[in-house]
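Novice: dropping the sequence and predicted coords here.
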Amino acid sequence: MTPLTSDTKQRQALIVAANRGPVTFQTAGDGSRTFTRGTGGLVTALTGLAGRMPITWIACARTEDDLNWGQGNVTVEAGRKPATLGVSFLSPDADAYDGYYNTIANPLLWFLQHSMWDLPLAPVIDRKTWEAWTDGYVAVNQLFADAIAEQVRANAEPTMVMLQDYHLYLTPRMIRSQMRPAERPSLLHFVHIPWPGTEYWRILPPAMRLAILDGLCAVDLLGFQTHADSLNFMRTCQAYLPRASVKFGKGRVWYRNHATHVREFPISIDVKRLRQFAQSPQVADLRTDLETQLASQKIILRIERT
C-alpha cells in the first residue's frame, strides 16, 4: 500500500484503523462509482474532526468495488459542511480474512465478550481454531500494523492512531515493535463491545489471552463504553498479565515499562440519519416481510448495538 500524503499544515494528523471503512463503494448502472457513508457513531464523531486535522482511515475492503478503488480522498456529509477523509483499503488473503473475521473475531471473541458461549459445550478450540488465529487473526493484524507504520512515516505531522474494537487487539504491540521510539505515534484503542469479568477470559488458551492483553497494553489510552468495562479490563490484567502493575484508583496499567491509561468514553450514534432510515421505504418493506413471515408468532430480539 502506498501511503496517502497530506498537504495540510495542521499540527497533528490522525489515522483511524478499523475492520470497516467509513464508506462502502458500489458501481452504479451507468458504470460510475458511488459510495454510501457508514451510519455508526464512530463515523459520525470523526467526520466532525476532518476539517480540523488530516484523517486517514485504514480498513479492510468489504466489496470488489472497495478493492478496485483502493485509496484516495472521499468527501462525506458531516453536519453543516462536507468533510474530506483519506481512505485506504487493505486486501488481505481471502483465507486469512476468513480465519480472522469468521473464526476468531466472530464468533470466538464476540461471543466471549458478550458472555454468550454455552460453556459446558462451547467454544471448541481445536487445530482449525489455532490455524485461524495464527494464519488469520495474527496475519491480518500484522497487515494493519504494517500499513499504519507506513502511513505514520509518510505523515509530515505528528500522528495519533485510533484503533477500533476487537478485530485489532494485536495491532498496537506490532506497531510498537517495528518503529523506533522517536517515530512512534500516540496509540489509542477503543473497544466498542463489553469487556467481561476475569472468569470469562479463562475460556481462551493462555497464549491467546496473553497476546490480547499484551497488545492492548501497548496503547497510551484505552477506552471502553462503561466504567464497569474499564474495571473488568484492569482486573483481567491483574489476573492474567504477568508483571503488570494495576492502579485502579488512577485507571492505569503499567506493563513493559509503559503506562496504559484506561478510561470510559460512551460514543454516540447519528440519531438524525437513523430516524431517516427508520422511515425509509426499505425499512417499511422489510417490516412487511417480517410480519408476513412471523404471522401470529412473537419474537424476542436482543440488541447489543445500533
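Specialist: The structure has been received and is ready for your questions. Residues are numbered from 1 along each chain as shown.
Novice: what about the helices in the stretch 101-250 of the chain?
Specialist: Using DSSP state H, counting those that start in this stretch, the helices found in the stretch 101-250 of the chain span residues 110-113, 127-132, 139-154, 171-178, 198-201, 206-216, 227-240.
Novice: switch those over to JSON lines; also include distance to Arg20.
Specialist: Glycine gets a C-beta too; all of them are placed from N, C-alpha and C. Putting these into JSON lines (distance: least, C-beta to C-beta, whole Å) gives the following:
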{"stretch": "helix 110-113", "distance to Arg20": "14"}
{"stretch": "helix 127-132", "distance to Arg20": "20"}
{"stretch": "helix 139-154", "distance to Arg20": "13"}
{"stretch": "helix 171-178", "distance to Arg20": "15"}
{"stretch": "helix 198-201", "distance to Arg20": "25"}
{"stretch": "helix 206-216", "distance to Arg20": "20"}
{"stretch": "helix 227-240", "distance to Arg20": "21"}
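Novice: wait, Ile55 sits on Val16?
Specialist: Yes. Counting by C-beta atoms under 8 Å, Ile55 does reach Val16; the two are 6.5 Å apart.
Novice: need the helices of the stretch 101-250 of the chain in JSON lines with mean neighbour count, mean pLDDT and distance to Lys250, can you?
Specialist: Converted to JSON lines, those look like this (neighbours: other C-beta atoms under 10 Å; pLDDT from 0 to 100; distance: least, C-beta to C-beta, whole Å):
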{"stretch": "helix 110-113", "mean neighbour count": "18", "mean pLDDT": "98", "distance to Lys250": "25"}
{"stretch": "helix 127-132", "mean neighbour count": "15", "mean pLDDT": "99", "distance to Lys250": "37"}
{"stretch": "helix 139-154", "mean neighbour count": "21", "mean pLDDT": "98", "distance to Lys250": "28"}
{"stretch": "helix 171-178", "mean neighbour count": "21", "mean pLDDT": "98", "distance to Lys250": "20"}
{"stretch": "helix 198-201", "mean neighbour count": "17", "mean pLDDT": "97", "distance to Lys250": "20"}
{"stretch": "helix 206-216", "mean neighbour count": "19", "mean pLDDT": "99", "distance to Lys250": "17"}
{"stretch": "helix 227-240", "mean neighbour count": "19", "mean pLDDT": "98", "distance to Lys250": "10"}
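Novice: for Thr27, which of those is the nearest?
Specialist: helix 139-154 (24.9 Å; C-beta to C-beta).
Novice: what touches both of Ile55 and Val16?
Specialist: By C-beta atoms under 8 Å, 6 or more residues apart in numbering, Ile55 and Val16 have these common neighbours: Leu46.
Novice: what is the burial count for the nearest residue to Arg153 once chain neighbours are set aside?
Specialist: Distances taken as C-beta to C-beta, 6 or more residues apart in numbering place Glu183 nearest to Arg153, at 6.5 Å, with adjacent residues excluded. As a burial measure, Glu183 scores 11 neighbours (other C-beta atoms under 10 Å).
Novice: and the pLDDT at Glu183?
Specialist: Glu183 carries a pLDDT value of 89.
Novice: please apply the same query to the one 10 residues further on.
Specialist: Note for Ile193: predicted pLDDT of 95.
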